[in-house]
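Novice: coordinates only, no sequence provided:
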C-alpha cells in the first residue's frame, strides 16, 4: 500500500469519479425536473373528465383580485391559475384547445367532462361575471 504507483492510480481514480459526479448529479436533477415531472392535479382532473371552473389570473392584476373576491362570495368552486407562476399553464391551455395569446386576465373557463364548454376573457365587471355564471351554477 505504500507503493507510489498504486497511490497515484487511486488518486486518479478518485479524481475521475469526482469529476463524473460533479457533472452527472446536476444533469440528473435537470432530467428529473424537466422530463419526469408528473402532471398537476388540474391536468389529471381534465384528463379524468371532471366538471370544473378554472379562473386564470396574472401578477399585478387588480381586476383579477376584485373578481376573485366576487367568486368567493358566491361560493363558486374553481381552480385558480396564475399564468405568470404556474408551470402547467401552457399545457392546460393547449389541452383545452385554446391559444394562450388570446387569454387575457381575468379569464374564467368552464369545463365539463374534460372538454372546454365556454370561457370568458378579460372580465370587466361584476355584472358580466354574474351573467356568465348564470349558465353554470
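Specialist: Yep, that arrived. Model, not experiment: these values are computed from the prediction.

Novice: any idea which helix or strand comes after the one helix or strand residue 24 maps to?
Specialist: Using DSSP states H and E, residue 24 sits in helix 4-35. On the C-terminal side of helix 4-35, the nearest following helix or strand under DSSP H and E is helix 41-47.

Novice: after that next one comes which helix or strand?
Specialist: By DSSP H and E, the next helix or strand past helix 41-47 is strand 52-57.

Novice: quick one: buried residues of that next one?
Specialist: With burial defined by 16 or more other C-beta atoms under 10 Å, the residues of strand 52-57 counted as buried are 53, 54, 55, 56, 57. Where C-beta positions appear, they are placed from N, C-alpha and C, glycine not excepted.

Novice: orientation of the helix or strand just after it relative to strand 52-57 in degrees?
Specialist: Following strand 52-57 in sequence order, the next helix or strand is helix 62-73 (DSSP H and E). Here helix 62-73 runs at an angle of 150 degrees relative to strand 52-57 (axes from the mean of the first three to the mean of the last three C-alpha atoms, to 10 degrees).

Novice: what's next to helix 62-73, contact-wise?
Specialist: 55, 57, 58, 78, 80, 105, 106, 123, 124, 126, 129 (C-beta atoms under 8 Å, 6 or more residues apart in numbering).

Novice: over to stretch 50-57?
Specialist: Stretch 50-57 is contacted from outside by 42, 45-46, 64-65, 67-68, 71, 76-83, 89, 92, 103, 105-114, 136, using C-beta under 8 Å, 6+ apart.

Novice: can you put the buried residues of strand 52-57 in CSV and add pLDDT and distance to residue 15?
Specialist: CSV is the format used below for the buried residues of strand 52-57 (pLDDT from 0 to 100; distance: C-beta to C-beta, whole Å):
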residue, pLDDT, distance to residue 15
53, 92, 58
54, 92, 53
55, 92, 55
56, 92, 52
57, 92, 52
